[in-house]
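model the following, please.
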Amino acid sequence: MAIFDFIKRKKSLLQFFPTGLSIYIPMQAGQATARDFKQLAVIGYAKNMTVYACVRAIASAVAGLDITLYRQKKNGIEEIETHDILDLLQKPGSDFVSGANFLEATAINLLLAGNAYILKLRVGERGKPVSLTLLRPDLVQVHWSNEIDYYEYASSKKYDPSDVIHIREYNPLNPFLGSQGSGLLRWELRQTMRLISGI
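I've put the predicted structure just below:
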């Protein structure tokens, strides 16, 4: 577990990765189906100690990172200390106790489904966002032609792309959808299924 302890130490992170940290997990190409996500969430995550520990370690590391906002200027960059987006990330909405809890849940969705969808809730039709909420990735359908046209949620609600922050794993076969969850998670899931079935 030493690697996870290392990830959680911010001073170590800043010392060895002064510009940030990227954690890469091999992904399989394709679209996650509702059944795939539910299998990963139940068998591959909630009921598998190894996968659970790995996902929680990465998500906890994401939740512990300090969010800093910068503005690009002609002569460099300038840190912005107060901004609406920083307030939203500190207190995203009633679904989450804190911003760290929100970031952790977002990371878990991304690791399990290859996609994380954050809905901006606005004041008025085109007002500024006042809160953020996570959409279940297995209930989201992305509709596109040459670009994303809209997001459909639970087969009943449609959202404009400007209202959804779509974070996705790189997918070489589709620029609009993330790949379907970690290949490592799927390997672990297959091993669990074989143990359960006695194969």
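
so where's this protein uncertain?
Filtered on pLDDT under 70, the chain yields the residue ranges 1-36, 40, 43-44, 180-199.

repeat that for 80
In the predicted model of the chain, residues 1-48, 50-51, 125-126, 179-199 satisfy pLDDT under 80.

for it, just list every one of the helices.
Using DSSP state H, the helices of the chain run over 2-8, 10-16, 34-39, 49-63, 84-90, 99-113, 183-197.

starting at the chain centroid, how far to the fourth one?
Spelled out, it's helix 49-63. Using Cα atoms, centre = their mean, to the nearest Å, the mean C-alpha position of helix 49-63 is found 12 Å from that of the whole chain.

quick one, that helix and helix 99-113 angle?
Counting by axes from the mean of the first three to the mean of the last three Cα atoms, to 10 degrees, helix 49-63 lies at 140 degrees to helix 99-113.

ok, Lys128 - contacts?
Contacts for Lys128 were tallied using Cβ atoms under 8 Å, 6 or more residues apart in numbering; they are 84, 122. Any C-beta I mention is one placed from the backbone N, CA and C, and that applies to glycine too.

now do the phi/psi pair for it.
phi -70, psi 150 (degrees, to the nearest 10).

could you give the number of residues near Lys74?
Residues lying near Lys74 (other Cβ atoms under 10 Å) number 4.

how near is it to Trp144?
36 Å (Cβ to Cβ, to the nearest Å).

same question, Leu134
From Leu134 to Trp144 the distance is 21 Å (Cβ to Cβ).

when those two are compared, which one has more neighbours?
Legend: neighbour count by other Cβ under 10 Å for Leu134 and Trp144, higher for Leu134 (19 against 14).

my guess is Gly134 meets Glu104, correct?
Quick fix: residue 134 reads Leu, not Gly. No: the criterion here is Cβ atoms under 8 Å, and Leu134 misses it with Glu104 at 10.7 Å.

what pairs with the nearest residue to Asn109 once chain neighbours are set aside across the strands?
Leaving aside its sequence neighbours, Asn109 sits nearest to Ala116 (Cβ to Cβ, 6 or more residues apart in numbering; 4.2 Å). For Ala116, the beta-bridge partners under DSSP bridges are Ile167.

please apply the same query to Tyr151.
Tyr151 has these beta-bridge partners by DSSP bridges: Val142, Tyr159.

my read is that Arg71 contacts Ile77, right?
Yes: judged on Cβ under 8 Å, Arg71 makes contact with Ile77 at a distance of 6.7 Å.

for Asn146, give its distance to Lys157.
For Asn146, the distance to Lys157 equals 23 Å [Cβ to Cβ].

tell me which of the two has more neighbours.
The residue with more neighbours, out of Asn146 and Lys157, is Lys157; 13 against 5, by other Cβ under 10 Å.

would you mind measuring from that one to Ser60?
31 Å.

His166 against Tyr117, yeah?
Yes: using Cβ under 8 Å, His166 is in contact with Tyr117, at 5.8 Å.
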